[in-house]
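S.K.: just a sequence and a predicted model for now, questions to come.
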Amino acid sequence: MKKFKHTQLHKKLKAEHKKRLEKRPLIYLFIILLISFVLSSITCLISPLYCYNICFYIFVAGAVSGTLVFLVTYIIRHQSINKTAQHLDMEHDAKSRMETTLELSNAVHPLKEQHHQNTKEFYSGHTFSHWKILRLVFIVIILLLSGANANILKNQQKRYKEAIKKAKKEQKPEKKKVAKKPKKKVSNDKAELKLILPESEIRAKPLDEIEWAGVGQSTKGFQKLTLSIYVNGKFVKDIAPGKIPSPKAGSIKVSGFFALDEFDVQPFDLLSYHLTAYARINDNPRQKVISSPHFIEIRPFREDAFFKKGGGGEGQDMLAILVRFLRLQIVLNKATFTARIMRQQANKQNLEKYNKFLKAVKKEQEALNTEVSSFLNSKIARKFSAEAINNVEKACKNLNDTCHELENLN
């Protein structure tokens, strides 16, 4: 005969056994989830501001308590399949037929086949439960209830967020109109300096003493006013005026003296000077103010010494060329220094004027540099004295330095 485990009777017993273990826990879980669903549905009638929290707690309580009840009930009611066979015999007054058949399933006994046949005939009129189908139905219903609870929670969360936004809009205080602060009046501060003595361009000997004077106008007064001295474009010294002007607003006048020999100047050098001061202009408490520059050409003690007494016309012509080159260099040195001062004075309004002036100075400077270089390499330069050629070379070197400086101005 077949083993009992493979018989139809054993399959029916096994189905009955699972039913008795799982039916009550699944029913309890179903009831709890159903109650949770009903309570969650009722929260739709509550204010949206509170419904989400209540629904959330109901959902969590239903899920946790349902799971715990299912596990506890299943563990408490757990029993062996032999116990189920015993209960089944008692319910049908079968006099331990099913239990004995189950015990003899793994034993060797001469009455085993007969007893199995007898048990089968006895239970033929008993309808066993179709638990597999019922269990599947229970599981589907439980999953649907769980999904319904989760969907209600999601909807309540959406209502809650919308209610919060609405409440914030209603509680949002109206922005108070802030009175516009009156705009601060932009002060139109001014500060100007101007040299009035000596003239803008003079010639002097290396041992001469120069008297200078300047005037200024400021709406808030000047600070630390000096006369800045340069020799061939290089800064030498700041000279304070003979009388320190008052820092009060209004007009001022300053004056003083300086000796050329204290700057170690040589013939054909170019001495430049301008007034420098600081003043409060608008938001800048210490704005640098510079006057337009003046120039002093240093001439030889005796200019006629450059010409040979009783010399021929050719010598005069050569010396005239030399002097012409030196004069042009001085003129362009003046232009270069003026460009530098303009750059320091320049602002956004007059930068265009400065750039045009600088372009013209560069062009003249480069042309003169080419002309001097050509002269030094010409045959006529050999007829000059060594001292004269050295002076021209010195002038050419200074010229090249000035050109380089000029390129870095902008």
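M.R.: Cool, got the structure.

S.K.: now do stretch 283-298, average pLDDT.
M.R.: Averaged over stretch 283-298, pLDDT sits at 85.

S.K.: next: stretch 123-138.
M.R.: Mean predicted confidence for stretch 123-138 is 73.

S.K.: what does stretch 336-349 give?
M.R.: Mean predicted lDDT for stretch 336-349 stands at 69.

S.K.: stretch 19-31 too?
M.R.: 83.

S.K.: please put the alpha-carbon coordinates of the longest strand seen in the chain into PDB.
M.R.: Criterion DSSP state E: the longest strand present in the chain is strand 270-281. Taking C-alpha atoms only, strand 270-281 is exported to PDB below (Å, rounded to 0.1, in the frame of the first residue of the first chain):
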ATOM      1  CA  LEU A 270      64.500 118.600 -16.500                       C
ATOM      2  CA  LEU A 271      63.100 119.500 -13.000                       C
ATOM      3  CA  SER A 272      59.400 119.000 -12.600                       C
ATOM      4  CA  TYR A 273      57.300 120.000  -9.600                       C
ATOM      5  CA  HIS A 274      53.600 120.100  -8.500                       C
ATOM      6  CA  LEU A 275      51.600 120.700  -5.400                       C
ATOM      7  CA  THR A 276      50.300 117.600  -3.500                       C
ATOM      8  CA  ALA A 277      47.700 117.500  -0.800                       C
ATOM      9  CA  TYR A 278      44.900 115.400   0.700                       C
ATOM     10  CA  ALA A 279      41.300 116.500   1.200                       C
ATOM     11  CA  ARG A 280      37.900 115.000   2.100                       C
ATOM     12  CA  ILE A 281      35.900 114.600  -1.100                       C
END
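
S.K.: chain center to that strand: distance?
M.R.: Distance, stretch centre to chain centre, for strand 270-281: 41 Å (C-alpha atoms, centre = their mean, to the nearest Å).

S.K.: now do that strand: which elements does it pack against?
M.R.: strand 191-197, strand 209-218, strand 222-231, strand 284-290, strand 294-298, helix 313-345 (3 or more C-beta pairs under 8 Å, 6 or more residues apart in numbering; DSSP states H and E). C-beta coordinates here come from the backbone N, C-alpha and C atoms, glycine included.

S.K.: let's have the ones you listed in a markdown table, adding mean neighbour count and distance to Ala381.
M.R.: Below are these laid out as a markdown table (neighbours: other C-beta atoms under 10 Å; distance: least, C-beta to C-beta, whole Å):
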| stretch | mean neighbour count | distance to Ala381 |
| --- | --- | --- |
| strand 191-197 | 16 | 39 |
| strand 209-218 | 17 | 35 |
| strand 222-231 | 19 | 27 |
| strand 284-290 | 14 | 40 |
| strand 294-298 | 21 | 24 |
| helix 313-345 | 17 | 9 |
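
S.K.: closest to Leu9 out of the ones you listed?
M.R.: strand 284-290 (109.6 Å; C-beta to C-beta).

S.K.: could you check the angle strand 270-281 makes with that closest one?
M.R.: 160 degrees (axes from the mean of the first three to the mean of the last three C-alpha atoms, to 10 degrees).

S.K.: can you map out the helices along the stretch 101-250 of the chain?
M.R.: Ranges of helices in the stretch 101-250 of the chain, per DSSP state H, counting those that start in this stretch, are 112-122, 131-171.

S.K.: before we move on, back to that, strand partners of the longest strand of the chain, parallel vs antiparallel please.
M.R.: strand 222-231 (antiparallel), strand 284-290 (antiparallel), strand 294-298 (antiparallel) (DSSP bridges).

S.K.: minimum distance to Pro25: which of those strands has it?
M.R.: strand 284-290 (87.5 Å).

S.K.: could you chop the chain up by domain?
M.R.: 4-167, 191-298, 303-407 (automatic domain parsing).

S.K.: mean pLDDT lowest where, among the ones you listed?
M.R.: domain 303-407 (a mean of 70).

S.K.: tell me how many other residues surround Asp401.
M.R.: Using other C-beta atoms under 10 Å, Asp401 is surrounded by 13 other residues.

S.K.: which element is it on?
M.R.: helix 386-407 (DSSP states H and E).

S.K.: same question for Gln266.
M.R.: Using DSSP H and E, Gln266 falls outside every helix and strand.
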